[in-house]
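Student: give me coordinates for this.
(one chain, ligands or ions: 1)
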Amino acid sequence: MTKEEKKVNLRELSLLILIEVLEQDSYSNVAIHNTLLKYQYLEKQDRAFLSRLTEGVIERVIEIDYIINQFSKVKTTKMKAPIRNILRMGVYQIMYMDQVPDRAACNEAVKLAQRKGFYNLKGFVNGVLRNISRKKDEILWPDKEKQPKEYLMVTYSFPEWILNLWLTEYSYEQIEEMLKAFLEQKQTTIRCNQTKVTVEELRQQLLEEKITVKEGDYLPFALKISDYNYLKKIKAFRQGLFQVQDESSMLVAYTSGVKNGDYVIDLCAAPGGKSTHIAELLNKTGIVSARDVSEDKVAFINENVARLELSNLKAEVYDATELRKEDIGKADIVLADLPCSGLGVIGKKTDIKYKTKKEDIEALAELQRRILSQAVQYVKPGGILMYSTCTINHIENIDNVNWLLEQYKEFELETLDSNMPDNLKSSTTKRGYLQLLPGKHKTDGFFFAKFRRK
Ligand SMILES: C[S@@+](CC[C@H](N)C(=O)[O-])C[C@H]1O[C@@H](n2cnc3c(N)ncnc32)[C@H](O)[C@@H]1O
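Tutor: Predicted structure coming up:
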């Protein structure tokens, strides 16, 4: 190890990421990934510490600030960003990281404040953190009976406006179950590329690479993997034997009823999860036209297509809000997996809960309707339209289904049950749509509906 490498301070790296994510615009998964990539030489346990501390602070920041504000005269909103985040890291270690003694959490925070030039605030950081460490059993938490919403906000670190929205759509118990699940969901789910390998062969190869493998919860070709460092270092990944995809997303192509020779248009395809799945199911026949809005996005699709070695998928840049006349009435299946608020994937992309704004949801629902009004035109008589989002609120999901049925009388819902795993069948899947909810289901929050053109 070089002298330079030895100097890396994990808490300082974590602080830099936290400032990028919580004070600026970066997304946590991107910021953490970039840092890990830059410091590839870090030992596995150091990487794990860095990820755990950084992700932990981000996912619990509302709760952490609530604690700090009980013990500090200066409220977190009035603190300088580095101090605010140094304290947040300290509190997370005290409350959630048993392997770090409180004393070390405090000392390291003080040293970091000093290194960042806040010499005069060393005493303040030390005082607040030592106080919290001493009195952590005396923290006044919101009372679930008397302040039910505040209880959810603080316990699960969740913004009030999303709770207000969901409380009009779901029961309190259902919401609490989802919030709990968001904090627990951590495994990576993969889809076996059955054009190249059987599920059993893939499992064996992963086990040989010392990766922990479990069965999926719903689909026979889904596996759950853990205990690996980098996805790109897994040989089976580089060989295109699998694609990372949540089981909820796998259900779209799986229940679409795709058959050999079909022409499929995927309007919003990047990075290609559903497009590549449906191309695999086409079994080297037919064609998938996978589109997305920019060159960069299309490059992501092409990267996956090359890796998975699929010859029946062509990717191109196309804006889905614009009608492509030559495709009218041509497609056997149209996939409309549309841009959405992403509230269903908060378990994996934690900061969505802080970055999504109330105004975004209405604007997104409008964009979804604009794209859907082009999507319907491409479906040939008797063809299928699959509409999906990775979100949970009605306006982007069931409301759009009802809107589409109202606007386009030539479309009707088609049952999903012909290909739906038994443990997911319900009265709505019989009708033609499914809202998956974390906690209730072992998946991301996800919605999809299947329409047939009469
Ligand atoms: C939910 S993601 C798609 C995920 C993809 N279907 C998959 O399974 O991997 C939505 C995609 O819509 C794309 N998008 C947003 N606006 C678009 C537009 N006007 N035309 C085409 N694609 C658009 C985004 O770039 C993003 O890649």
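Student: residues of this protein that sit close to the ligand?
Tutor: Within the chain, the positions adjacent to the ligand are 249, 267-274, 291-293, 297, 319-321, 337, 339 by CB under 6 Å from any ligand atom. Glycine gets a C-beta too; all of them are placed from N, C-alpha and C.
Student: now Ala449. Its backbone dihedrals?
Tutor: phi -140, psi 150 (degrees, to the nearest 10).
Student: the residue nearest to it when sequence neighbours are not counted: neighbouring residues, count only.
Tutor: Of all residues not flanking Ala449 in the chain, Tyr433 sits nearest, at 3.7 Å (CB to CB, 6 or more residues apart in numbering). Neighbours of Tyr433 under the rule other CB atoms under 10 Å: 22.
Student: pretty sure Tyr433 contacts Phe446?
Tutor: No. Between Tyr433 and Phe446 there is no contact under CB atoms under 8 Å: 11.2 Å.
Student: how about the residue nearest to Ala449, what does it touch?
Tutor: Tyr433 makes contact with 398, 401, 413, 416, 447-450, according to CB atoms under 8 Å, 6 or more residues apart in numbering.
Student: tell me the most packed of those residues, by neighbour count.
Tutor: Busiest of the contacts of Tyr433 [other CB under 10 Å] is Phe448, holding 28 neighbours.
Student: how many neighbours does the closest residue to that residue other than its chain neighbours have?
Tutor: Nearest non-adjacent residue to Phe448, counting by CB to CB, 6+ apart: Ser388, 3.8 Å away. Number of residues near Ser388 (other CB under 10 Å) recorded here: 24.
Student: find the closest residue to the ligand in the stretch 1-150 of the chain.
Tutor: Relative to the ligand, the nearest point of the stretch 1-150 of the chain is Tyr27 (13.7 Å; CB to the nearest ligand atom).
Student: and the stretch 51-200 of the chain, by the same measure?
Tutor: Nearest to the ligand in the stretch 51-200 of the chain, going by CB to the nearest ligand atom, is Arg191, at a distance of 10.8 Å.
Student: re the thing from before, which of the three states applies to the residue nearest to Phe448?
Tutor: Per DSSP: H, G, I helix; E, B strand; the rest coil, the local secondary structure of Ser388 is strand.
Student: hang on, isn't it packed against Val252?
Tutor: Yes. Assessed by CB under 8 Å, Ser388 is found in contact with Val252 at 5.3 Å.
Student: shared neighbours of the two, which are they?
Tutor: Listed as contacting both Ser388 and Val252 by CB under 8 Å, 6+ apart are 274, 335, 337, 448.
Student: including secondary structure, distance to Gly347 and pLDDT, could these go into CSV?
Tutor: Conversion of these to CSV gives the following (DSSP: H, G, I helix; E, B strand; the rest coil; distance: CB to CB, whole Å; pLDDT from 0 to 100):
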residue, secondary structure, distance to Gly347, pLDDT
Lys274, helix, 20, 98
Leu335, strand, 24, 98
Asp337, strand, 19, 98
Phe448, strand, 18, 98
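Student: where in the stretch 101-250 of the chain is pLDDT low?
Tutor: Counting by pLDDT under 70, the low-confidence segments of the stretch 101-250 of the chain come to 185.
Student: going along the chain, name the strands of it.
Tutor: All strands of the stretch 101-250 of the chain, identified by DSSP state E, counting those that start in this stretch, fall at 188-192, 212-215, 222-226, 242-244.
Student: most tightly packed of those?
Tutor: Using mean count of other CB atoms under 10 Å, the stretch among the strands of the stretch 101-250 of the chain with the greatest mean number of neighbours is strand 188-192 (a mean of 23).
Student: list the contacts of it.
Tutor: For strand 188-192, the external contacting residues (CB under 8 Å, 6+ apart) are 198-199, 202, 216, 221-226, 231, 241-247, 250, 277.
Student: could you rerun that using 7 Å?
Tutor: With CB atoms under 7 Å, 6 or more residues apart in numbering as the test, strand 188-192 has contacts from 199, 202, 216, 221-226, 242-247, 250, 277.
Student: and what of stretch 299-310?
Tutor: Outside stretch 299-310, the residues that touch it by CB under 7 Å, 6+ apart are 193, 196, 240, 243, 269-272, 275-276, 279-280, 290, 292, 313, 315.
Student: same question for stretch 406-415.
Tutor: So stretch 406-415 is contacted by 376, 384-385, 404-405, 430-433, 449-454 (CB under 7 Å, 6+ apart).
Student: emit the PyMOL select command for whichever of those residues are buried.
Tutor: To isolate the buried ones among the contacts of stretch 406-415 in PyMOL, judged by 16 or more other CB atoms under 10 Å, type:
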select buried, resi 376+384+385+404+431+432+433+449+450+451+452+453
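Student: which two of the contacts of stretch 406-415 have the greatest separation?
Tutor: Maximum pairwise distance in the contacts of stretch 406-415, criterion CB to CB, is 22.9 Å, between Val376 and Lys430.
Student: so what pLDDT did the closest residue to Glu316 other than its chain neighbours get?
Tutor: For Glu316, ignoring the flanking residues on the chain, the nearest one in space by CB to CB, 6+ apart is Arg291 at 5.8 Å. In this model, Arg291 is scored at 98, pLDDT.
Student: tell me who's in contact with Arg291.
Tutor: Contact analysis of Arg291 by CB under 7 Å, 6+ apart lists 266-267, 269, 316, 318, 320.
Student: can you give me the neighbour number for the closest residue to Met420 other than its chain neighbours?
Tutor: In space, not counting the residues next to it along the chain, Met420 is nearest to Thr429; the distance is 5.0 Å by CB to CB, 6+ apart. Neighbourhood size, Thr429 [other CB under 10 Å]: 19.
Student: repeat that for Lys180.
Tutor: If you count neighbours by other CB under 10 Å, Lys180 ends up with 14.
Student: isn't it right next to Gly439, touching?
Tutor: Yes. Look at Lys180 against Gly439 with CB atoms under 7 Å: they come within range, at 6.1 Å.
Student: distance between stretch 420-428 and the chain's centre?
Tutor: Mean-position distance between stretch 420-428 and its chain equals 23 Å (CA atoms, centre = their mean, to the nearest Å).
Student: outside of it, which residues touch it?
Tutor: Stretch 420-428 is contacted from outside by 218-219, 255, 417, 429, 434, using CB under 7 Å, 6+ apart.
Student: same deal with stretch 60-76?
Tutor: Applying CB under 7 Å, 6+ apart, the contact partners of stretch 60-76 are 22, 57, 84, 87-88, 91-92, 128, 131-132, 139-140, 153-155, 157-158.
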